[in-house]
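Visitor: Let me see the structure of the following:
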Amino acid sequence: MTRDEWIASFAAETGVQRPSLQEISELLDLAGVAAHASERTAAPLACWIAGRSDLPLAELLAAAERVGASAPRAGDGESG
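Guide: Below you'll find the predicted structure:
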């Protein structure tokens, strides 16, 4: 089963309209920002937050990029 087939089936099963190709692209961009700025597990959680938000995907991506830009980078002298 392809990604798009799985998403279409999951959307139908849950009674939600499946995302458009543009929405898929924007969601994957959002997930990528979250995963690269933090741990990989931030990606699905960021998408869950996006799904609960009333903000457009473009604004959510911009917010994720701001959060990612403000995160300390490895080797910046931050101790954890």
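Visitor: which stretches of the chain form strands?
Guide: With DSSP state E, there are no strands along the chain.
Visitor: show me where pLDDT drops low in it?
Guide: For the chain, the stretches flagged by pLDDT under 70 are 73-80.
Visitor: in the chain, which residue is closest to the centre?
Guide: Ala31 (3.0 Å; C-alpha atoms, centre = their mean).
Visitor: show me what contacts that residue?
Guide: The contact partners of Ala31, by C-beta atoms under 8 Å, 6 or more residues apart in numbering, come to Ala43, Pro44, Ala46, Cys47. No exception for glycine: its C-beta is placed from N, CA and C like everyone else's.
Visitor: The first one and Ala34 touch, don't they?
Guide: In this case it means Ala43. Yes. Counting by C-beta atoms under 8 Å, Ala43 does reach Ala34; the two are 4.7 Å apart.
Visitor: With neighbour numbers in mind, choose between the two.
Guide: Comparing Ala43 with Ala34 by neighbour count (other C-beta atoms under 10 Å), the higher total belongs to Ala34, at 25 against 21.
Visitor: doesn't Glu65 make contact with the more buried one?
Guide: No. The pair Ala34 and Glu65 does not pass the contact test of C-beta under 8 Å, sitting 10.0 Å apart.
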